[in-house]
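Student: Fold the following and give me the result.
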Amino acid sequence: MKRLSRLGLAAVAAVSLTGCGVRQSDVIEAGGPATVTVFPDAEQRVLLFFVSSEGRLTPVSGGVFMDRKGEYDGKVPGEVALMMLLGGPSATARAAGLHTELPRSAGHIGMKSGTDQVSVRVPIAVRGLGKTAVRQLVCTAAYAEGGDGTAEVTVAGDDGRLPAMHCDA
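Tutor: Purely as a prediction, here's the structure:
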């Protein structure tokens, strides 16, 4: 009798170790990745475009625009965004492998915006810039002034004006 109960116990243990009857299933599509809103929100942050080590344009959220008292002072002016861009990536961004293809400059930057159009004047020669460097300027200006990056941007520099273009980042 003891032998029979041991065999019964072994059989129950073997069955329980083989699974609980859950069948394998295929992958079920559930949509795209989740998105979240990050602080600062779109009205408070500046979006700068730098270049990854693979050569791709990469948006980087800059700081919050503060007044001299250290308080939030509304939307970041487009001129400030371009000054930050021409100043190059922060130490943190450089450590992450980001760089700029724009020359550093601290001269006067001008910006005018209208309905879906932005005109930018930067203190550098623009005609000899590479495609990625121009896209850095265009995308930063488009997001600074247009908010959603769809604005048409015209860039002018010390050596003339480039044709109007859109950010395709």
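Student: mean confidence score for the one helix or strand Ala141 maps to?
Tutor: Assessed by DSSP states H and E, Ala141 sits inside helix 131-146. Helix 131-146 carries an average pLDDT of 90.
Student: Show me what that helix is packed up against.
Tutor: Under the contact definition 3 or more Cβ pairs under 8 Å, 6 or more residues apart in numbering; DSSP states H and E, helix 131-146 sits against strand 45-51, strand 57-64, helix 78-86, strand 110-114, strand 117-121, strand 152-157. C-betas here are computed from N, CA, C, even on glycine.
Student: Out of these, which is the most enclosed?
Tutor: strand 45-51 (a mean of 23; mean count of other Cβ atoms under 10 Å).
Student: tell me the angle of that strand relative to helix 131-146?
Tutor: 170 degrees (axes from the mean of the first three to the mean of the last three Cα atoms, to 10 degrees).
Student: can you pull the contacts of Pro103?
Tutor: By Cβ atoms under 8 Å, 6 or more residues apart in numbering, the contact list for Pro103 reads Leu86, Ile124.
Student: State the helix or strand in which it lies.
Tutor: Applying DSSP H and E, one finds Pro103 in no helix or strand.
Student: Could you measure from the closest residue to Cys139 other than its chain neighbours over to Ser119?
Tutor: Nearest non-adjacent residue to Cys139, counting by Cβ to Cβ, 6 or more residues apart in numbering: Cys167, 3.8 Å away. Between Cys167 and Ser119 the computed distance is 15 Å (Cβ to Cβ, to the nearest Å).
Student: Quick one: low-confidence residue ranges for this protein.
Tutor: Applying pLDDT under 70 to the chain picks out residues 1-22, 25, 27-45, 63-76, 146, 169.
Student: do that again at 90, thanks
Tutor: Residue ranges of the chain with pLDDT under 90: 1-47, 61-81, 84, 90, 104-108, 113-116, 143-150, 168-169.
Student: hang on, Ala93 in a helix?
Tutor: Yes - counting by DSSP: H, G, I helix; E, B strand; the rest coil, Ala93 is part of a helix.
Student: Contacts only, for it.
Tutor: Phe50, Val60.
Student: let's see 6 Å
Tutor: Val60 (Cβ atoms under 6 Å, 6 or more residues apart in numbering).
Student: likewise Phe49?
Tutor: Phe49 touches Leu57, Pro59, Gln136, Cys139, Thr140, counting by Cβ under 6 Å, 6+ apart.
Student: do that again at 8 Å, thanks
Tutor: Leu57, Thr58, Pro59, Val60, Leu85, Arg135, Gln136, Cys139, Thr140, Tyr143, Ala169 are the contacts of Phe49 under Cβ under 8 Å, 6+ apart.
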